[in-house]
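Chemist: Structure for this input, please:
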Amino acid sequence: MSDRKVKVGVVGLGNMGSQHLVFVSNIPTMELAACCDIVPEKAQKAGEKYNIPYFTNAEDMMKSGLIEAIIIAVPHYDHTTIAIAAFEHDLHVLTEKPVGVHKNDILKMIAAHKAHPEKRFAAMFQQRMLPIYQKIRQLVQRGELGAIQRINWIITDWFRSQAYYDSGSWRATWKGEGGGVLLNQCPHHIDLYQWMFGMPSKVRGFCGIGKYHKIEVEDEVTAFFEYEDGRTAVFITSTGEAPGTNRLEVTCDRGKLIVENGSIKFIRNEIPTAEFRSTTKQLFGTGPVWTIDVPFGAAPSTPLHQLVLENFADSILNGTNLVAPAEEGLNSVELANSMLFSSMQGETVNLPLDGDAYETMLKGLIANSDFKKETASGAVAADMSASFGK
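Modeler: As a prediction, this is how the structure comes out:
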């Protein structure tokens, strides 16, 4: 077995980037080779701590020849420019969530990757490593549930205070983040949703803009999805509710799947709904059911982020399939964009989303913002670097 290690550079040393320095240092198949942050003191401190070269400009790190892969943990809008530059420098890329702010940005990233298909392009969707979600996906893909009729997912345990939003001048702004709960808190669950159930064909979103906080982006979302096969779904999320809820309910021909409090319960029809509905002589009531606690593996003891990084390295070294190819990040961002676009337009939107129309809308929101902040200034740039994360 080869003892070669992937030489990795981390750009963005805020909350999440600092954690990636730790993760990479703990992975036998990775070598922490360089780090970068626009705040000189932060870059120097990390460089000295890990005894590695440090940079204040990502381009300089990428062309240094010190690294062969880059981990991107910078503010959302910069994911696109850094990823494209990394491919041009012949580097493998792993980016934090969301992969990009809007559909068109991700399409640019995908195009850059296609020009360098030998390079790996991964996303930090670490929730895919949890056995509970792997089991749900398995049940769906194997047809264990039968035809799905409706999906309800309430994810309102993302409570954030006003103090949280006030802690960074970039937070919860169209110019700084490009969105609210859909782009910052909930991307993992939107990714899990499309990973488990696929993409709908129509979206109708209702977004509360600054409903609970003094912010200019969405802090509450209720969305209705329709699929080509007739199934429907309701997706609800918020940063303004306490105590919150995380409950997934899947109504299907063979019964009902309930996922809550770390368990999967399947209330299974002895006779599938469609058959019982068409053959029973009863005027009321339903058929007999079994209540099953669906088993799944224990959560890994290794940090989930580290598992994704290990998979990234294994893919580079041995050609292993990526757990979370970044191209799939297009789906979750397109869903998030669709919910916002539908709400702003006041109508149902068809998927695939018109990326140009969404980008035009987003630029208009930035230009007409009532919460304009000097996000181009060094002070704010430093603030973004220092505190970037969930």
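
Chemist: Which parts of the stretch 51-200 of the chain are strands?
Modeler: Taking DSSP state E, counting those that start in this stretch as the test, the strands found in the stretch 51-200 of the chain are 54-55, 69-72, 92-95, 121-123, 148-155.

Chemist: average pLDDT for the third one?
Modeler: Going back to what we said before, that points to strand 92-95. Strand 92-95 carries an average pLDDT of 98.

Chemist: now the longest one
Modeler: The predicted model gives strand 148-155 an average pLDDT of 98.

Chemist: Ser169 contacts Gly176, doesn't it?
Modeler: Yes - Ser169 is in contact with Gly176 according to C-beta atoms under 8 Å; the separation is 7.4 Å. In short, each C-beta sits where N, CA and C put it, glycine included.

Chemist: And the two? Which one has more around it.
Modeler: Set Ser169 next to Gly176 and count neighbours by other C-beta atoms under 10 Å: Gly176 wins out with 24 against 17.

Chemist: quick one: pLDDT of the residue nearest to that one when sequence neighbours are not counted?
Modeler: With C-beta to C-beta, 6 or more residues apart in numbering as the measure, Trp170 is the residue that lies nearest to Gly176, at 3.1 Å, once sequence neighbours are left out. According to the predicted model, the pLDDT of Trp170 comes to 87.

Chemist: Report whether the expected contact of Trp170 with Pro75 is present.
Modeler: Yes - Trp170 sits in contact with Pro75 when judged by C-beta under 8 Å, with a separation of 6.5 Å.

Chemist: Quick check: which ranges of the stretch 251-390 of the chain have low pLDDT?
Modeler: Flagging of the stretch 251-390 of the chain using pLDDT under 70 yields the residue ranges 371-390.

Chemist: Show me the helices in it, by range?
Modeler: In the stretch 251-390 of the chain, the segments counted as helices under DSSP state H, counting those that start in this stretch are 273-279, 304-318, 329-345, 355-367, 378-387.

Chemist: on contacts alone, who are the packing partners of the first one?
Modeler: Applying 3 or more C-beta pairs under 8 Å, 6 or more residues apart in numbering; DSSP states H and E, one finds that helix 273-279 contacts no other helix or strand.

Chemist: tell me which residues of that helix are tucked away?
Modeler: For helix 273-279, a neighbour-count test (16 or more other C-beta atoms under 10 Å) marks 273, 276 as buried.

Chemist: Keeping just the C-alphas, turn that helix into PDB.
Modeler: The C-alpha coordinates for helix 273-279 follow below in PDB (Å, rounded to 0.1, in the frame of the first residue of the first chain):
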ATOM      1  CA  THR A 273     -53.000   1.600   0.700                       C
ATOM      2  CA  ALA A 274     -53.900   1.500  -3.000                       C
ATOM      3  CA  GLU A 275     -55.000  -2.100  -2.800                       C
ATOM      4  CA  PHE A 276     -57.000  -1.700   0.500                       C
ATOM      5  CA  ARG A 277     -58.700   1.500  -0.900                       C
ATOM      6  CA  SER A 278     -59.900  -0.300  -4.000                       C
ATOM      7  CA  THR A 279     -60.900  -3.700  -2.500                       C
END
